[in-house]
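Colleague: Quick one: sequence and predicted model below, then my questions.
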There are 2 protein chains.
Amino acid sequence: MDKKTIWDLGRPSVDQYRSRPKLPLVLVADNIRSLNNIGSLFRTSDAFLVERIMLCGISACPPSPEIHKTALGAEDSVAWEHYDRTADAIARLHADGYTVCCLEQVKGSVGLNTFRPDPEGRYAIVVGHEVDGVSQEAVDASDLCIEIPQYGTKHSLNVSVSAALALWHFFTALHTS
Amino acid sequence: MDKKTIWDLGRPSVDQYRSRPKLPLVLVADNIRSLNNIGSLFRTSDAFLVERIMLCGISACPPSPEIHKTALGAEDSVAWEHYDRTADAIARLHADGYTVCCLEQVKGSVGLNTFRPDPEGRYAIVVGHEVDGVSQEAVDASDLCIEIPQYGTKHSLNVSVSAALALWHFFTALHTS
């Protein structure tokens, strides 16, 4: 089993990537504090054809050397926009026909392992602050909450890990080619 | 949809966690350079009841303030051991009846989205160095290679993100209660 070379992988250039179709899947960063986490969201979104990232509130925006350290250039390939208020981003998504899913531990949540995205649907995933999680205001404005079952000692997973699990779950449902 | 409190979540203490049954799922770190990544592997393994982590080669071991920064204490709840050579860890796993799966982009790999773990099986997932990936020696010693399909501009995902996706995939197959 030989490892693939960069040529075997056939990765697109940034220009090629930007012109290719994306999935109807938006990532919403609700007040993410760490620039490393923002960078990681870009890197993962690049791999899974995320349509765009909505950076809300205190979430930092490119260009930034700290974001670049973990995004490794994916901050140039993935489209993004900034909203001062997460509620405004969610209102925009609703107006555009997206189902808005918070990734949060709430009463009445749906387990990530049991949620089946409609392959014809359009989705946004909201991830939240490293300590406080998704704000109650954003939870209240969303259509549903998805929770990652966890059995350990820690309160939660790292936000860039949680986001990746959710993006992967939706990617496998929405990506058909 | 009210957010769950720490009491609603009912997380176990470190002592409670250590005495609980784990999944027959081992994570092998093949020369992971970054202590932040090691810490993240612990935090994710804690959530998903990973049996133990085998830290191989240059992969750093707890206790370490840098590992703690991302593990947040999960370095105390998750069992671990160190091997100088990844090949020795894999030989030990084979002797104990584990199917050893490298998470790597190789010719002849199986897609993570299509691989169906046997719910009765015992598995080890090998993840590799941040730049070089899993070593060819470890690939050669393993039973199969699992690859995460990626469509972006970057060569690969961050190793703690890749590991989390694989652990989550196996967790959902092996965790039945």
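Modeller: Done, it's in.
Colleague: For chain A, which helix extends over the most residues?
Modeller: helix A:159-174 (DSSP state H).
Colleague: Grab the CA positions of it and hand them over as CSV.
Modeller: Provided in CSV are the C-alpha atoms of helix A:159-174 (Å, rounded to 0.1, in the frame of the first residue of the first chain):
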residue,chain,number,x,y,z
VAL,A,159,-15.0,23.3,18.9
SER,A,160,-12.9,22.6,15.9
VAL,A,161,-13.3,18.9,16.5
SER,A,162,-17.1,19.2,17.1
ALA,A,163,-17.5,21.3,13.9
ALA,A,164,-15.5,18.7,11.9
LEU,A,165,-17.7,15.8,13.1
ALA,A,166,-20.8,17.7,12.1
LEU,A,167,-19.4,18.9,8.7
TRP,A,168,-18.3,15.3,7.9
HIS,A,169,-21.8,14.0,8.8
PHE,A,170,-23.5,16.5,6.5
PHE,A,171,-20.9,16.1,3.8
THR,A,172,-21.5,12.4,3.6
ALA,A,173,-25.2,13.0,3.3
LEU,A,174,-25.1,15.9,0.8
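Colleague: Look up the closest residue to the most centrally placed residue in chain A, ignoring the ones flanking it.
Modeller: Nearest residue to the geometric centre of chain A (Cα atoms, centre = their mean): residue A:27, 3.4 Å. Spatial nearest neighbour of residue A:27, excluding adjacent residues (Cβ to Cβ, 6 or more residues apart in numbering or on different chains): residue A:53 at 4.8 Å. Where C-beta positions appear, they are placed from N, C-alpha and C, glycine not excepted.
Colleague: thought that neighbour was touching residue A:78?
Modeller: Yes. Shown here, residue A:53 and residue A:78 form a contact pair, counting by Cβ atoms under 8 Å, at 6.0 Å.
Colleague: State the phi and psi torsions of the residue nearest to the centre of chain A.
Modeller: As for residue A:27, its main-chain torsions (degrees, to the nearest 10) stand at phi -110, psi 130.
Colleague: residue contacts, it?
Modeller: By Cβ atoms under 8 Å, 6 or more residues apart in numbering or on different chains, residue A:27 lies in contact with A:41, A:45, A:50, A:52, A:53, A:54, A:124, A:125, A:127, A:163, A:167.
Colleague: And the pLDDT at residue A:10?
Modeller: pLDDT for residue A:10: 93.
Colleague: hmm, I was thinking of residue A:176
Modeller: Residue A:176 is assigned 82 on the pLDDT scale.
Colleague: Is it in a helix, a strand, or coil?
Modeller: coil (DSSP: H, G, I helix; E, B strand; the rest coil).
Colleague: Find the nearest non-adjacent residue to it, please.
Modeller: In this structure, residue A:176 finds its nearest non-sequential neighbour in residue A:119, 6.7 Å apart by Cβ to Cβ, 6+ apart.
Colleague: The one you found: neighbouring residues, count only.
Modeller: Residue A:119 is flanked by 9 other residues according to other Cβ atoms under 10 Å in any protein chain shown.
Colleague: Now do the same for it: its pLDDT.
Modeller: We note a pLDDT of 94 for residue A:119 in this prediction.
Colleague: mind pulling up the phi and psi values for it?
Modeller: According to degrees, to the nearest 10, residue A:119 has phi -60, psi -20.
Colleague: contacting residues for it?
Modeller: By Cβ under 8 Å, 6+ apart, the residues touching residue A:119 are A:173, A:174, A:176.
Colleague: Around the last one, how many other residues sit close by?
Modeller: If I follow you right, that is residue A:176. Close neighbours of residue A:176, defined as other Cβ under 10 Å, add up to 7.
Colleague: do you know how far it is from residue A:46?
Modeller: Taking Cβ to Cβ, to the nearest Å as the measure, residue A:176 falls 19 Å from residue A:46.
Colleague: Where does pLDDT dip in chain A?
Modeller: Counting by pLDDT under 70, chain A shows low-confidence ranges at A:177.
Colleague: And the helices in it?
Modeller: A:6-9, A:14-19, A:35-47, A:65-71, A:74-77, A:86-95, A:136-141, A:159-174.
Colleague: Of those, flag the one that's most buried.
Modeller: Comparing the helices of chain A by mean neighbour count (mean count of other Cβ atoms under 10 Å in any protein chain shown), helix A:35-47 ranks first with a mean of 26.
Colleague: and it, is it in reach of chain B?
Modeller: Yes. Part of helix A:35-47 sits near chain B under the criterion Cβ under 8 Å from any Cβ of the partner chain, namely A:40, A:43, A:44, A:45, A:46, A:47.
Colleague: With distance to residue A:132 added, can I get those in JSON lines?
Modeller: Converted to JSON lines, the residues of helix A:35-47 next to chain B look like this (distance: Cβ to Cβ, whole Å):
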{"residue": "A:40", "distance to residue A:132": "19"}
{"residue": "A:43", "distance to residue A:132": "24"}
{"residue": "A:44", "distance to residue A:132": "22"}
{"residue": "A:45", "distance to residue A:132": "22"}
{"residue": "A:46", "distance to residue A:132": "27"}
{"residue": "A:47", "distance to residue A:132": "27"}
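Colleague: Many thanks, we can stop here.
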